[in-house]
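Novice: give me a model of this one.
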Amino acid sequence: MSNMIKIDSISDLPTSSQLQAEIKRRKYHKNYFKMLRSTVASLIVVAAIAVLISMLFLPILKVTGTSMTPTLEHEEFIVCNKQGSFESGDVVAFYFNNKILLKRVIGTAGDVIDIKDDGTVFVNGEELYEPYLNEKALGECDIELPYQVPESRIFVMGDHRLTSVDSRTTVVGCIAEEYIIGKVIFRMWPWEKIGTIE
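Specialist: Predicted coordinates for the structure are as follows:
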């Protein structure tokens, strides 16, 4: 008899609507946490896929320095494409002395590069059209001109010709294809300058 529950009056029992409200509340909490777990799991999967794509196919890099102004400014964020070949005019990212540099492709294997004292560039005897420059300059140049680009290498120069250290110097020289990260294809930051790279 001592184990029996004593009810003082029938009014102590929950009503049908109270029971339904409690069932609904518990079902809502159960569904809420189930949905929360599902959302968090989905976000983790999406983030992992984004990181994987970024590492394997579309690396995201931060611009440092001014060697590519006016095309690329300090602290902008850019996206590279690891696939495909490179041609004159492309902006590429590559490894050099444990750093990542950004420069423009001027010539590829077999091309003959010549640079005049005023900074005008000729490739295979034809003047290179360079609308991306603010000003031409010979810059730091200690290679013997005209210069033929070796096999499996590219000749690169920064767009800020006066200050850029690039293939015009023996310190950097032409870039071997295995050191190239990819072609710069897109600016993703700052917002007002989002778009493709020319």
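Novice: show me what counts as buried in stretch 73-85.
Specialist: Glu76, Ile78, Val79, Cys80, Asn81 (16 or more other CB atoms under 10 Å). C-beta: built from backbone N, CA, C; applies to glycine.
Novice: state the mean pLDDT of it.
Specialist: The average pLDDT for stretch 73-85 rounds to 85.
Novice: beta partners of the residue nearest to the spatial centre of the chain?
Specialist: The centroid of the chain falls nearest to Ile60 when counting by CA atoms, centre = their mean (2.0 Å). Going by DSSP bridges, Ile60 is paired in beta bridges with Val79.
Novice: for it, give me the pLDDT.
Specialist: Predicted confidence (pLDDT) for Ile60: 83.
Novice: with distance to Gly110 added, can I get the buried residues of stretch 73-85 in a markdown table?
Specialist: A markdown table is the format used below for the buried residues of stretch 73-85 (distance: CB to CB, whole Å):
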| residue | distance to Gly110 |
| --- | --- |
| Glu76 | 33 |
| Ile78 | 29 |
| Val79 | 30 |
| Cys80 | 25 |
| Asn81 | 24 |
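Novice: and of these, the nearest to His160?
Specialist: Glu76 (14.2 Å; CB to CB).
Novice: so the closest one makes contact with Trp189?
Specialist: Yes: counting by CB atoms under 8 Å, Trp189 is a contact partner of Glu76 at 6.0 Å.
Novice: give me phi/psi at the residue nearest to Pro14 when sequence neighbours are not counted?
Specialist: Leaving aside its sequence neighbours, Pro14 sits nearest to Glu22 (CB to CB, 6 or more residues apart in numbering; 7.4 Å). The phi/psi pair for Glu22 (degrees, to the nearest 10) reads phi -70, psi -40.
Novice: what is the burial count for Glu198?
Specialist: Glu198 is flanked by 8 other residues according to other CB atoms under 10 Å.
Novice: look up the closest residue to it, ignoring the ones flanking it.
Specialist: That would be Tyr132: by CB to CB, 6+ apart, it lies 6.6 Å from Glu198.
Novice: quick one: that neighbour and Arg161, what's the gap?
Specialist: 11 Å (CB to CB, to the nearest Å).
Novice: now Cys174
Specialist: 17 Å.
Novice: now do stretch 157-171, average pLDDT.
Specialist: 94.
Novice: what comes up buried for that stretch?
Specialist: For stretch 157-171, using 16+ other CB under 10 Å, the buried residues are Met157, Gly158, Asp159, His160, Arg161, Ser164, Val165, Asp166, Ser167, Arg168.
Novice: which stretches of the protein form helices?
Specialist: 16-56 (DSSP state H).
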